[in-house]
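Below is the sequence, then the predicted model.
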Amino acid sequence: MTEHRVTRSDRQSSFGLAASAVLVVVLFLLPWWDGDGSLRVPLVAILYYLALAQMWNLLAGFAGLVSIGQQMFVGIGVYTLLTFAEDFGVDPYVSVLLAGVVAAVLSLPVAAFAFRLRGGYFAIGTWVIAEVFRLIALESDFLGGANVRTLTRESLGGYSLDTRNTVTYLMALGLAVGATAIVVLVLRSRLGLALRSIRDNQEGARGLGVSVTRAKLVVWVMASFWTGMTGAVILLANPSARAESAFSVLRWTALVVFIAIIGGVGSTTGPIIGVAIYWFVREFLEDADEWRFIILGLIAAVMAILAPRGVYGLLQKRWAVQFFPVRRRLVGPGIGGPAPGAPPGGTADAGGPAQPVAGAEGPAP
Amino acid sequence: MEWLNAVVQGIMLGGLFALFATGLSLAFGVMRFVNLAHGDLAILGAFVAVSVTSALGLNPFVSLVVVVPVMLAAGYALQLGAFNFTISADPLPSILVTFGLGVVIQNVLLETYSADSRGLDVGSIEIESIRINDAIAVGWIPLITLVVAVAVLGTLQLILSRTALGRAFRAVSDDPATARLMGINDRNLYAVAMGIAFATVAIAGVFLGIRQSFGPLDGPAQLLYAFEAVVIGGLGSVWGTLVGGLLLGVAHTVGGQFEVAYGLGSGPLVGHLMFLVVLATKPTGLLGRRAE
């Protein structure tokens, strides 16, 4: 090889992709060997939390859109599914897709307001708008007002209980895997380059011709679409909802944020680690919601100060691991390939052991 | 006449919102710091007042003598020991730390005090009012709250414009690096600002508790109202914060009156919608000097 070229893969990331493929196949086949569903039921919650965490990670970690209003898209997904499946008699699984579409459409006017704010004010602004949606759901007789609404058996169609459980599980799996794939693909694309340049220096990126608002808007709509579908699947898994639970900031944003921070925001692998830690805390440490929030909230707040890149960032500092092929590196004569154990540079998914490519990687020197 | 009464009561309620917004506005003005636990800290202050009044048998007004210094010290220590490490061009760490802190405060309060609603009892003054005519009467408590809000904001304005401390605040707000070169200890100054912010939000929390019942999960709503008051009034303007609070208060009571008259809408919903209208038409706020 005599030419310099930019590469994103190395032996480690190829191994990472192969290992994740095996894991996904095993999880996909789970309904056929986990007969009594003892694994599936707890896994569904883990999987939809992973989907939510990846989407929040895409917004906050890569697009600088720190939203505390993600519960609005979960709630929109829940109420869209209820409306289409329960009131209009549309097939529930088609309605899941519609939930994503409705969330994506509604995310546009939300952006028109929220994008006027930046940083911490954007965070509270999205929270206010989520409250508006919750209050509208509470006021609306059509949506059921303050009542508990349930997805009844009739509206779930002629599907048997077993089929329904399997489909719900597979949908949750698809959302989690799909969310991770979306983040990986976005980062490998031109959009990913634009987002990283914005993250490092917004004005500089604008000066180089990056359309900052459009890049952010594309990511915002994608994340809203996926979060809306996830909200619908959350309703399939827990068929009763009311406005307070569907638009709960604690359940659908706080917990998601904690999972992403603890695992590592701004990396594709971080949310996977975070959701595993969440599962561990939930299964082995604490049953009560309050204590779970206290434990995870404290860990997240401390980590945000001491280890802003989360557990994945700590691992990377020690071992220079790269699980998904999203980091661009220049290889060629005189530069040397990615040596295992070489001191890493830059931020998670952005720096690398080899020479950085200008504009493609972490903070400018 | 009901509508005029709603406006009068709204101005009184707006005093409370302005009091909530003061600390948020100060922290943002001095160090661009957005504290998402702001509302939860107010509720924490109110619960501390509950404990102080029941343990020492004090009137809740008198309990401020204990609550305010405690919260001031807590704000100073928290900024010095934690928040200062999150101040950078990237707003993410500070949002995450304060959001986590808020959730922890809510759940610790739930575990300590249960989910029951509480109130702070100040005696017969709670039900006394000044009657203006047969449809409008102004309660003493809301009136005192408004007067305290104006006094707190006025004091803050005096500190900012007339004292060495205020000059230092303005200096680090404009350019922290140059302020440091001039011998200003910005880290310590940030801690002082956060201490003042905590003290004002504790006052707001205690007045909220005197005015109405409250529970451990009421913090986020107060944060949103405070934030709306700041944005409506305009960033970087002390009197804008007061105006924003008053307008938001009127939106709440007029929205409540609308609900009574037509069975539709609610105070908070109308308040949020007014905020969105201001955001869309005048993002710098009514009296603001800069957009953010």
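Okay, I see it. Residues are numbered from 1 along each chain as shown, chains lettered A, B, ... in the order given.

any weak-confidence spans in the stretch 1-150 of chain A?
Counting by pLDDT under 70, the stretch 1-150 of chain A has low-confidence residues at A:1-2, A:9, A:11, A:35, A:37.

For it, which segments are assigned as helices?
Taking DSSP state H, counting those that start in this stretch as the criterion, the stretch 1-150 of chain A carries its helices at A:11-33, A:40-57, A:71-81, A:92-114, A:119-139.

In space, not sequence, find me the middle residue of chain A.
In chain A, the residue lying closest to the centroid (C-alpha atoms, centre = their mean) is A:Q54, at 1.8 Å.

Contacts only, for the nearest residue to it once chain neighbours are set aside.
Once flanking residues are discounted, A:Q54 sits nearest to A:A179: 3.7 Å by C-beta to C-beta, 6 or more residues apart in numbering or on different chains. Any C-beta I mention is one placed from the backbone N, CA and C, and that applies to glycine too. Applying C-beta atoms under 8 Å, 6 or more residues apart in numbering or on different chains to A:A179 gives the contacts A:50-51, A:54-55, A:226, A:230.

wouldn't A:F73 be in contact with A:V105 here?
No: in this structure, A:F73 is not within contact of A:V105 by C-beta atoms under 8 Å, at 11.3 Å.

and these two? which has more neighbours close in?
In this view A:F73 and A:V105 are compared by other C-beta atoms under 10 Å in any protein chain shown, and A:F73 has more residues nearby, 34 against 14.

ok, for that one, nearest residue in space, not its chain neighbours?
According to C-beta to C-beta, 6+ apart, the nearest residue to A:F73 is A:T227 (3.9 Å).

May I see the buried residues of the helix or strand hosting that neighbour?
Assigned by DSSP states H and E, A:T227 belongs to helix A:212-237. Of the residues in helix A:212-237, A:212, A:215-237 count as buried by neighbour count, 16 or more other C-beta atoms under 10 Å in any protein chain shown.

Over to stretch B:266-285?
Neighbour counts using 16+ other C-beta under 10 Å place B:266-272, B:274-276, B:278-279, B:283-285 of stretch B:266-285 among the buried residues.

Check whether it comes near chain A.
Yes: residues of stretch B:266-285 are located near chain A by C-beta under 8 Å from any C-beta of the partner chain, namely B:266, B:268-269, B:272-273, B:275-276, B:279-280, B:283.

for that stretch, the distance to its chain's centre please.
Mean-position distance between stretch B:266-285 and its chain equals 18 Å (C-alpha atoms, centre = their mean, to the nearest Å).

which one is the residue of the stretch 251-365 of chain A found nearest chain B nearest to, not counting chain neighbours?
Nearest residue of the stretch 251-365 of chain A to chain B: A:A301, at 3.3 Å (C-beta to the nearest C-beta). Closest residue in space to A:A301, ignoring its immediate chain neighbours: B:G100 at 3.3 Å, by C-beta to C-beta, 6+ apart.

Which strand or helix spans that neighbour?
Assigned by DSSP H and E, B:G100 belongs to helix B:92-113.

Using CSV, list the CA coordinates for that helix.
Taking Å, rounded to 0.1, in the frame of the first residue of the first chain, the C-alpha atoms of helix B:92-113 are listed here in CSV:
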residue,chain,number,x,y,z
LEU,B,92,-24.0,19.6,28.8
PRO,B,93,-22.1,18.8,32.1
SER,B,94,-23.9,21.6,34.1
ILE,B,95,-27.3,20.5,32.7
LEU,B,96,-26.7,16.9,33.6
VAL,B,97,-25.4,17.6,37.1
THR,B,98,-28.2,19.9,38.1
PHE,B,99,-30.9,17.7,36.4
GLY,B,100,-29.5,14.7,38.4
LEU,B,101,-29.4,16.7,41.6
GLY,B,102,-33.1,17.7,41.1
VAL,B,103,-34.2,14.1,40.6
VAL,B,104,-32.3,13.1,43.7
ILE,B,105,-33.8,15.9,45.8
GLN,B,106,-37.3,14.9,44.7
ASN,B,107,-36.8,11.3,45.6
VAL,B,108,-35.0,12.0,48.9
LEU,B,109,-37.9,14.3,49.9
LEU,B,110,-40.3,11.5,48.9
GLU,B,111,-38.5,9.0,51.1
THR,B,112,-38.1,11.5,54.0
TYR,B,113,-41.5,13.3,54.1
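
one step back: against which helices or strands is the helix holding A:T227 packed?
helix A:40-57, helix A:71-81, helix A:92-114, helix A:161-188, helix A:190-200, helix A:202-207 (3 or more C-beta pairs under 8 Å, 6 or more residues apart in numbering or on different chains; DSSP states H and E).

From B:F20, how far off is the closest residue to chain B within the stretch 1-150 of chain A?
Proximity of the stretch 1-150 of chain A to chain B (C-beta to the nearest C-beta) peaks at A:G120, 2.5 Å away. For A:G120, the distance to B:F20 equals 16 Å [C-beta to C-beta, to the nearest Å].

out of those two, which sits in the busier spot?
B:F20 (33 against 26).

I'd assumed B:A221 was in contact with the more buried one.
No: in this structure, B:F20 is not within contact of B:A221 by C-beta under 8 Å, at 10.2 Å.

joint contacts of the two?
Joint contacts of B:F20 and B:A221 (C-beta under 8 Å, 6+ apart) are B:G39.

so B:P93 touches A:L306, yeah?
No: in this structure, B:P93 is not within contact of A:L306 by C-beta under 8 Å, at 10.2 Å.
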